[in-house]
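A.B. asks: below is the sequence, then the predicted model.
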Amino acid sequence: GAVVSQHPSWVICKSGTSVKIECRSLDFQATTMFWYRQFPKQSLMLMATSNEGSKATYEQGVEKDKFLINHASLTLSTLTVTSAHPEDSSFYICSAIAGHLGLSPLHFGNGTRLTVT
Amino acid sequence: AQSVSQHNHHVILSEAASLELGCNYSYGGTVNLFWYVQYPGQHLQLLLKYFSGDPLVKGIKGFEAEFIKSKFSFNLRKPSVQWSDTAEYFCADLDGTSGGGADGLTFGKGTHLIIQP
């Protein structure tokens, strides 16, 4: 079945540094990738939608200059948390689809736990 | 590590039939369970969630789920489905061991439900 690999699975960084998270579709070409954030005891929050070769579409309230998303190829999207602060500590998860939303199922990565000290 | 299993990858039902989608989780500690739905052309929507209390959880659109600790299950049910319930359904387990911060979320592979008129 379709596999989405997310790396790293766990990262600890110091306040003020930047962290890059990679999301790769291993056995299919992902036309669209989604980035989410999981807050404790809440439902998943969609941060942005990224299509290969174009700028990401951010959800309201998500700072595009802080959460940089790049979708350079059909198999790779990256999320960079710039100048990270402790409040950015969270669980970030990506998902990818091979076709159009609604026609193709979502495939989720295993997520990245980010802790900013 | 957590894992979430959805055994039915494709389910086809007729309108007015009863629905039960299976979900089993592996983690034996604190459970925080979700069911999400992805309607055609739309993104994820939360159907219901269970953190504690009454193991029978009522969600939106007539859906409910029952948490059975002894079976590590959180099956989704609906007594009478409609054509508009055609969608992809995802079960998810949130690792709440940290009590806050970067909780990890694990999704099942999803169940594609088709309701025939």
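C.D. replies: Received it, and whenever you're ready, just let me know what you need.
A.B. asks: what about residue 17, how many residues nearby?
C.D. replies: Just so you know, I chose chain A. The tally of other residues near A:Thr17 (other Cβ atoms under 10 Å in any protein chain shown) stands at 12. Just so you know, the C-beta spots here come from the backbone N, C-alpha and C atoms, and that holds for glycine as well.
A.B. asks: if you could check chain B rather than the one you did, that'd help
C.D. replies: 14.
A.B. asks: now do B:Glu20
C.D. replies: The number of residues packed near B:Glu20 is 13, by other Cβ under 10 Å.
A.B. asks: which stretch of helix or strand covers it?
C.D. replies: Secondary structure here is read from DSSP states H and E; on that basis B:Glu20 sits in strand B:19-21.
A.B. asks: name the helices or strands packed onto that strand?
C.D. replies: Strand B:19-21 makes packing contacts with strand B:10-14, strand B:73-78, strand B:111-116 when contacts are defined by 3 or more Cβ pairs under 8 Å, 6 or more residues apart in numbering or on different chains; DSSP states H and E.
A.B. asks: gap between the one residue sitting closest to the centre of chain A and B:Glu15?
C.D. replies: Residue closest to the mean C-alpha point of chain A, counted by Cα atoms, centre = their mean, is A:Trp35 at 3.4 Å. Plainly put, A:Trp35 is 36 Å away from B:Glu15 if you go by Cβ to Cβ, to the nearest Å.
A.B. asks: contacts only, for A:Glu72.
C.D. replies: Heads up, residue A:72 is Ala, not Glu. Under the criterion of Cβ atoms under 8 Å, 6 or more residues apart in numbering or on different chains, the neighbours of A:Ala72 are A:Glu52, A:Gly53, A:Thr78.
A.B. asks: what does A:Cys13 give?
C.D. replies: Counting by Cβ under 8 Å, 6+ apart, A:Cys13 makes contact with A:Val19, A:Ala84, A:Leu114, A:Thr115, A:Val116, A:Thr117.
A.B. asks: give me the buried subset of those.
C.D. replies: With burial judged by 16 or more other Cβ atoms under 10 Å in any protein chain shown, the buried subset of the contacts of A:Cys13 is A:Val19, A:Ala84, A:Leu114, A:Thr115, A:Val116.
A.B. asks: ok, back up a step: looking at the helices and strands packed on strand B:19-21, which is buried most?
C.D. replies: For those, ranked by mean neighbour count under the definition mean count of other Cβ atoms under 10 Å in any protein chain shown, the leader is strand B:73-78 at a mean of 21.
A.B. asks: in TSV: the buried ones among the contacts of A:Cys13, plus pLDDT, distance to B:Ser80 and secondary structure.
C.D. replies: TSV is the format used below for the buried ones among the contacts of A:Cys13 (pLDDT from 0 to 100; distance: Cβ to Cβ, whole Å; DSSP: H, G, I helix; E, B strand; the rest coil):
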residue	pLDDT	distance to B:Ser80	secondary structure
A:Val19	97	48	strand
A:Ala84	96	48	coil
A:Leu114	93	43	strand
A:Thr115	93	46	strand
A:Val116	94	48	strand
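A.B. asks: hang on, the earlier thing: give the next helix or strand downstream of the strand holding B:Glu20.
C.D. replies: strand B:24-25.
A.B. asks: and the strand or helix carrying A:Ser50, how far out from the chain middle?
C.D. replies: Counting by DSSP H and E, the element that carries A:Ser50 is strand A:45-51. The gap between where strand A:45-51 is centred and where its chain is centred comes out at 7 Å by Cα atoms, centre = their mean, to the nearest Å.
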